[in-house]
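*Asks:* Whatever this is, show me its structure:
(2 chains)
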Amino acid sequence: KQEVTQIPAALSVPEGENLVLNCSFTDSAIYNLQWFRQDPGKGLTSLLLIQSSQREQTSGRLNASLDKSSGRSTLYIAASQPGDSATYLCAPFFYGQNFVFGPGTRLSVLP
Amino acid sequence: EAGVAQSPRYKIIEKRQSVAFWCNPISGHATLYWYQQILGQGPKLLIQFQNNGVVDDSQLPKDRFSAERLKGVDSTLKIQPAKLEDSAVYLCASSSTGIKYYEQYFGPGTRLTVT
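*Replies:* Prediction:
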């Protein structure tokens, strides 16, 4: 059974800091990996999708990297803002299986 | 383009009652997913449809949960009878085939409280 972990579970930083969220998965046979953001009481918003053949993807202040061989992905947020406060979830898509979500990292950016 | 629509947004029922949730995916999306998200956890896949056929329902508690996707568009998820542990947010997502294959788009979810 594939497992996905995310470290840290929660993070509180002052505005303007650069930060890194980590996602680890037990099986390197993935098709792609998707990062999401979830605001309290809301659904999930897709941030970035990395195909297994890619090393990284960028969108604005967000950069996601993928190292399949070590079963890791990181989400880098540059110059954090209070509006970035949310829970961030990663979800690898495993071959022959489906998406499996991590438990999320709860981010709080203080003004 | 319009996003994934879900209704109702909130539902409170007593245990042993039945409940149904509705989802309308993004137009043209062939794949539809239902997830259960318990507070503080990531979403757990319940069932995946490809058009109107079931692709994966390995984690669906089939003794009480059922789902259908008629005509390959809208879908309903039903719980009968509900238990206290079914209290969660039920999320619907859809994805297309093509260049963005497997990228999921989520609806706002239905928050279910079972008392």
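*Asks:* Not including adjacent chain positions, what is the nearest residue to A:Gly41?
*Replies:* With CB to CB, 6 or more residues apart in numbering or on different chains as the measure, B:Arg111 is the residue that lies nearest to A:Gly41, at 7.5 Å, once sequence neighbours are left out. Every residue, glycine included, has its C-beta placed from N, CA and C.
*Asks:* and the one you found, bridged to which residues?
*Replies:* According to DSSP bridges, B:Tyr10, B:Val89 are recorded as the beta-bridge partners of B:Arg111.
*Asks:* pLDDT on stretch B:15-29, on average?
*Replies:* Across stretch B:15-29, the average pLDDT comes to 95.
*Asks:* now swap in stretch B:68-78 and tell me
*Replies:* Mean pLDDT, computed over stretch B:68-78, is 92.
*Asks:* same question, stretch A:13-33
*Replies:* Mean predicted confidence for stretch A:13-33 is 93.
*Asks:* buried sites along it?
*Replies:* When burial is assessed from 16 or more other CB atoms under 10 Å in any protein chain shown, stretch A:13-33 yields the following buried residues: A:Val13, A:Leu19, A:Leu21, A:Cys23, A:Ser24, A:Phe25, A:Asp27, A:Ile30, A:Tyr31, A:Asn32, A:Leu33.
*Asks:* coming back round to it: show me what contacts the residue nearest to A:Gly41?
*Replies:* If you count contacts by CB atoms under 8 Å, 6 or more residues apart in numbering or on different chains, B:Arg111 has them with A:Gly41, B:Arg9, B:Tyr10, B:Lys11, B:Ala88, B:Val89.
*Asks:* how close does the second one sit to chain A?
*Replies:* Spelled out, it's B:Arg9. When distance is defined by CB to the nearest CB, to the nearest Å, B:Arg9 is 9 Å away from chain A.
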